[in-house]
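> please find the sequence and the predicted model below.
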Amino acid sequence: MRIKHQLTIFNALTRFLIILAIWLSLPILIEKVVYKRIDKTLLEKKEKFIEHLDKEEINDFLSRNDATETFASFSTLHNEFLQLYQAKEIPKNKNSYFKNEARIIEGEQSDYRVLYYDFVYENTNYKLEIGSSLSEIKDLTLAIRVFILIVLSIVIVFTFLVDAVFIEYLLKPFHQIINQKIRHVNEPEKFNYTVIKSHSTDFRELDEVLNQMMKRIQELFSIEKQFIANVSHELLSPIALLKNRFENLIQNESLDEEAVNKIVSSLKTLDLLKKIINNLLLISRIENNQYVSDERIDCRSVLEDIREELQDRIDEKEIDFSINLNEHYHFAGNKTLIHIMFYNVIANAVKFTEPKGTITITDVKTNSQYAITVQDNGCGMTQEQTAEIFNRFTRLNINKEGQGLGLAIVKSIADFHQIDVVVTAAPQKGSAFEFVFHIGKKV
């Protein structure tokens, strides 16, 4: 997931959690504010009622001296009520307190916030109850919660879109750096040093540092190319000269057999040294992108050519060699390098497959990939060996000829063409090399 999407989602989730917390705590906040206001109103009404206890209507009730009598007063809509009755005793340290409870008034049940007040009047204990309905409060709370939910949902959607647009604008220089520069770091000579415009200091610094780094890499790249050219001349030329001298020397009839054998051994050593140098130079040129990769390559044709080249070895070991391709896959690349890549793998399969063994080349195609698999039933490899086969100078069998560079070359060529190589093997059960091509490179 891209960073712009992560930032947008993070901002949206953060707002959602904040809004959820507000929405859940809203009833508590409303209740505290409203209850405080109701309690204050109830206390004011209590004070007014106490002040008018000497009125004739209240005195008439009190003068009855009847504990069963209750003075009650209700508002028209039953939003409020007031009740006064005699009490047996007054609780200690509790003259006044509030309580939420349901009351049935004239056949209708509602929730009320009730003020209880205990007091003594003319040596008689009384309890005063003043209530205020909570039904409107609950309706108001629900309405507020629905309203806030709608408003905040709109806020989330709006801010999400705004964040997405702003983050896209903010990260635009970053994407330019990736697309115009970082994706082309493997081609130092074609690197684009154009300064990326940005309002962010971080991206400007990144662009500047990247340009400086690539200039240094380009310098080293030029030095390495010069070194490779020097190696080709300074090492291969003396080797060719020595080989020519040894070949001339071996024609001397005065040499005894022992001397001839030493010269022949020296010639083999020079040939081996030449192969190693050529292979190392090949790997270096591949990794430095010194090969063109715009040729149209037919995989089937390449594999058929390799079979013809190795037919003598295949016949000598009586190997059952088959190419079973269902697709005629073409892609853009370097035909010579692709030939070398498949040749090294198939040659290894022939080398490590026992006489009368089998080597099968198959393919499979999906919407996004095309894969060619070279399968043999040879000696196979352990898991540890499989992990090291692409390292340079790695030889799994010292009894077999080779310099340990063949599969290293295979890996370099595959990386150059953006081909994935998947190896599966087991001891005494053979090996399978799968080359996965991406359909996007098809021409």
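Right, received. Where do you want to start?
> so where's the stretch 251-400 of the chain uncertain?
Along the stretch 251-400 of the chain, segments meeting pLDDT under 70 span 395-400.
> show me where the stretch 101-250 of the chain has its helices.
Along the stretch 101-250 of the chain, the segments classed as helices by DSSP state H, counting those that start in this stretch run 135-180, 201-234, 236-249.
> and the shortest one, which residues are buried?
Yep, that's helix 236-249 we're talking about. 243, 246 (16 or more other C-beta atoms under 10 Å). Where you see a C-beta, it was placed from the backbone N, CA and C, and this is true even at glycine.
> just after it, pick out the following helix or strand.
helix 257-287 (DSSP states H and E).
> run the chain-centre distance for that following helix.
48 Å (C-alpha atoms, centre = their mean, to the nearest Å).
> and the very next helix or strand once past that helix, what's buried?
Once the chain leaves helix 257-287, the next helix or strand it forms, by DSSP H and E, is strand 295-298. Across strand 295-298, burial judged by 16+ other C-beta under 10 Å covers residue 297.
> and stretch 206-216, by the same measure?
206, 207, 210, 211, 214.
> so what's the fourth one closest to, chain neighbours aside?
Residue nearest to residue 211 in three dimensions, not counting chain neighbours: residue 193, with 5.3 Å by C-beta to C-beta, 6 or more residues apart in numbering.
> I'd assumed residue 390 was in a helix, is it?
No. Remark: residue 390 does not belong to a helix; assigned using DSSP: H, G, I helix; E, B strand; the rest coil, it is coil.
> let me have the helices of the stretch 101-250 of the chain in a markdown table, extended by distance to residue 322.
Shown next, in a markdown table, are those (distance: least, C-beta to C-beta, whole Å):
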| stretch | distance to residue 322 |
| --- | --- |
| helix 135-180 | 44 |
| helix 201-234 | 39 |
| helix 236-249 | 39 |
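> got those as TSV, with mean pLDDT and distance to residue 38 columns?
Shown next, in TSV, are the helices of the stretch 101-250 of the chain (pLDDT from 0 to 100; distance: least, C-beta to C-beta, whole Å):
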stretch	mean pLDDT	distance to residue 38
helix 135-180	79	8
helix 201-234	77	55
helix 236-249	82	100
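> ok, so of the buried residues of stretch 206-216, who is nearest residue 318?
Nearest to residue 318 among these: residue 214, at 54.7 Å, using C-beta to C-beta.
> name the nearest residue to the closest one, ignoring sequence neighbours.
residue 191 (4.8 Å).
> what's the pLDDT at that neighbour?
The score at residue 191 is 73. That number is its pLDDT.
> and the one 3 residues further on, by the same measure?
At residue 194, the pLDDT value in this model is 81.
> check contacts around the nearest residue to it once chain neighbours are set aside.
Once flanking residues are discounted, residue 194 sits nearest to residue 180: 7.4 Å by C-beta to C-beta, 6+ apart. Residues near residue 180 by C-beta atoms under 8 Å, 6 or more residues apart in numbering: 192, 194, 196.
> for the lengthiest strand in the chain, buried residues please.
Longest strand in the chain by number of residues (criterion: DSSP state E): strand 108-121. Within strand 108-121, the residues scored as buried using 16+ other C-beta under 10 Å are 110, 112, 113, 114, 115, 116, 117, 118, 119, 121.
> likewise stretch 306-324?
Going by neighbour count (16+ other C-beta under 10 Å), the buried part of stretch 306-324 is 306, 307, 310, 314, 319, 321, 323.
> likewise stretch 27-39?
30, 31, 34, 35, 38.
> ok so, going back, got phi/psi on the residue nearest to residue 211?
phi -90, psi 10 (degrees, to the nearest 10).
> check contacts around it.
211, 214, 215.
> can you list those in a markdown table and add distance to residue 146?
As requested, the contacts of residue 193 are exported to a markdown table (distance: C-beta to C-beta, whole Å):
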| residue | distance to residue 146 |
| --- | --- |
| 211 | 56 |
| 214 | 59 |
| 215 | 62 |
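> ok, the residues you listed vs residue 147, which is closest?
Checking those against residue 147 by C-beta to C-beta gives residue 211 as the nearest, at 54.7 Å.
> thought residue 276 was touching residue 235, still the case?
No. The pair residue 235 and residue 276 fails to qualify as a contact (C-beta atoms under 8 Å) at a distance of 10.2 Å.
> which strands and helices sit next to whichever strand or helix holds residue 22?
In this assignment (DSSP H and E), residue 22 forms part of helix 3-51. When contacts are defined as 3 or more C-beta pairs under 8 Å, 6 or more residues apart in numbering; DSSP states H and E, helix 3-51 packs onto strand 96-105, strand 108-121, strand 124-133, helix 135-180.
> check those for me and report the most buried one.
strand 124-133 (a mean of 20; mean count of other C-beta atoms under 10 Å).
> just checking, what packs against that one?
For strand 124-133, the packing partners by 3+ C-beta pairs under 8 Å, 6+ apart are helix 3-51, strand 80-86, strand 108-121.
> so which of the ones you listed gets nearest residue 431?
That would be helix 3-51 among those, by C-beta to C-beta, at 40.8 Å.
> now that closest one against strand 96-105, angle please.
With axes from the mean of the first three to the mean of the last three C-alpha atoms, to 10 degrees applied, the angle from helix 3-51 to strand 96-105 works out at 90 degrees.
> and the angle for helix 3-51 with strand 80-86?
50 degrees.
> and helix 3-51, average pLDDT?
Helix 3-51 shows a mean pLDDT of 79.
> nearest to residue 389, of the helices and strands packed on strand 124-133?
That would be helix 3-51 among these, by C-beta to C-beta, at 36.7 Å.
> now the angle from that closest one to strand 124-133?
Following the same axes, to 10 degrees, one obtains 140 degrees for the angle between helix 3-51 and strand 124-133.
> quick revisit: nearest to residue 331, out of the helices of the stretch 101-250 of the chain?
Nearest to residue 331, of all the helices of the stretch 101-250 of the chain, is helix 135-180, at 23.0 Å by C-beta to C-beta.
> how far does that closest one sit from the chain's center?
Using C-alpha atoms, centre = their mean, the offset of helix 135-180 from its chain centre is 24 Å.
> stretch 18-35 too?
Going by C-alpha atoms, centre = their mean, where stretch 18-35 is centred and where its chain is centred differ by 38 Å.
> swap in stretch 36-43?
Distance, stretch centre to chain centre, for stretch 36-43: 57 Å (C-alpha atoms, centre = their mean).
> name the residues that touch it?
Here stretch 36-43 makes contact (C-beta under 8 Å, 6+ apart) with 96, 98, 113, 115, 130, 131, 132.
> among those, which one lies nearest to residue 416?
The closest of the contacts of stretch 36-43, once distances to residue 416 are taken by C-beta to C-beta, is residue 113, at 81.2 Å.
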